[in-house]
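> Sharing a model that was predicted from the sequence below.
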Amino acid sequence: MKYKRILLKLSGEALMGDQQYGIDPSILQNYSQQIKELVDMRVEVAIVIGGGNIFRGVSGAATGIDRVQGDYMGMLATVINGMALQSALESAGVKTRLQTAIRMEQVAEPFIKRKADRHLEKGRVVIFGAGTGNPYFTTDTAATLKAIEINAEVILKGTRVDGIYNSDPEKDKNAVKFNSISFEEVYKKGLKIMDMTAFTLSQENKLPIIVFDMNKKGNLKKIIEGEDVGTLVTI
Ligand code: UDP
């Protein structure tokens, strides 16, 4: 096993599947099965999930909602997604805990690092909701921050594409994929993987990132087993 403790970042948008909004239950089921495979291998799995399928602060601001208010709405959206993922995982027989950066004791524990560690050691999947708890940040930054705090060895960023390309593969059929790339090269080439806050935080803390296609079943397991899947960003 290449990694013992990972942080999996799932985008909210991916949860929509082919829908325009909300959560596609078949995607949740697919993700839960893949995550279960890791838990069965005794990998310690922490998850940060986005909220873009429900609400984004920036889009809200365009419709007249105050940016800070919209960002808090976005953070609450990540909790809704976290609860949905938690249910799907529990239905698949995986033990979970949801911890949030904004207190809401009736539905989740507050984020407590030592508790998160303990849950992970016991084989529970820990989902972190409500991002960083601060407006003007993203769930990519929350994912990086949490990964560092819990000493995860890597961030696995699940996306719709199977890695990082020299240009957008959904638009350019000649786009070439990198198997691995350094943080420096990502800056030089102006590639967009995460927002700058998240990316710089990863680099400063020497936390590798793997960008991979989460919709392809078996990919997560392959990464844990050390296979070359997606693109590795490293120092
Ligand atoms: N958000 C925030 N602070 C955080 C994390 C998220 O304000 O620490 C808000 C922000 O408005 C963002 C929304 O929550 O647009 C949803 O998160 P994100 O866009 O990162 O989700 P994803 O793109 O992964 O679906």
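Ah, there it is. Numbering: from 1, shown residues only.
> and the host helix or strand of Ala198, which residues are buried?
Applying DSSP states H and E as the criterion places Ala198 in helix 196-204. By neighbour count on 16 or more other C-beta atoms under 10 Å, the buried set for helix 196-204 is Thr197, Ala198, Phe199, Leu201, Ser202, Gln203. Every C-beta, even on glycine, is put in place using the N, C-alpha and C of the backbone.
> Check whether the fifth one really touches Met194, as I assumed.
Yes. The criterion here is C-beta atoms under 8 Å, and Ser202 meets it with Met194 at 7.4 Å.
> If you count contacts, what does the worst-scoring helix or strand of the chain on mean pLDDT end up packed against?
The weakest-scoring helix or strand in the chain, judged by mean pLDDT, DSSP states H and E, is helix 57-62 (a mean of 88). Under the contact definition 3 or more C-beta pairs under 8 Å, 6 or more residues apart in numbering; DSSP states H and E, helix 57-62 sits against helix 67-91.
> got the residues of this protein near the ligand?
Applying C-beta under 6 Å from any ligand atom, we find that the chain lies next to the ligand at 11-13, 50-52, 56-58, 70-71, 74-75, 77-78, 131-132, 134-135, 137-139, 142.
> Pull out the buried members of these.
11-12, 50-52, 56-57, 70-71, 74-75, 77-78, 131-132, 135, 137-139, 142.
> which residues in the chain form helices?
25-40, 57-62, 67-91, 113-121, 139-149, 183-189, 196-204, 219-224 (DSSP state H).
> just those: most buried one?
Comparing the helices of the chain by mean neighbour count (mean count of other C-beta atoms under 10 Å), helix 139-149 comes out on top with a mean of 25.
> That one packs against which elements?
strand 5-10, strand 44-49, strand 154-159, helix 196-204.
> Now do it against helix 67-91, angle only.
60 degrees (axes from the mean of the first three to the mean of the last three C-alpha atoms, to 10 degrees).
> Strand 5-10 and helix 139-149, what's the angle between them?
Angle, helix 139-149 to strand 5-10, by the same axes, to 10 degrees: 170 degrees.
> Run through this protein and note the low-pLDDT ranges.
Within the chain, the set of residues satisfying pLDDT under 70 is empty.
> Look up how far Ile47 lies from the residue nearest the centre of it.
Centroid-nearest residue in the chain: Lys9, 1.0 Å away (criterion: C-alpha atoms, centre = their mean). For Lys9, the distance to Ile47 equals 8 Å [C-beta to C-beta, to the nearest Å].
> now Ile235
Using C-beta to C-beta, one gets 25 Å for the distance from Ile235 to Ile47.
> So these two - more neighbours on which side?
More neighbours surround Ile47 than the other of Ile235 and Ile47, with 26 against 10 (other C-beta atoms under 10 Å).
> what's that one in contact with, if anything?
Shown in contact with Ile47 (C-beta atoms under 8 Å, 6 or more residues apart in numbering): Leu7, Leu8, Lys9, Leu10, Ile35, Gly82, Leu85, Val125, Val126, Ile127, Phe128.
> Contact partners for the closest residue in space to the fourth one that isn't next to it in sequence?
Closest residue in space to Leu10, ignoring its immediate chain neighbours: Ile49 at 4.8 Å, by C-beta to C-beta, 6 or more residues apart in numbering. Taking C-beta under 8 Å, 6+ apart as the criterion, Ile49 is in contact with Lys9, Leu10, Ser11, Gly12, Leu15, Thr78, Asn81, Gly82, Leu85, Ile127, Gly129, Thr139.
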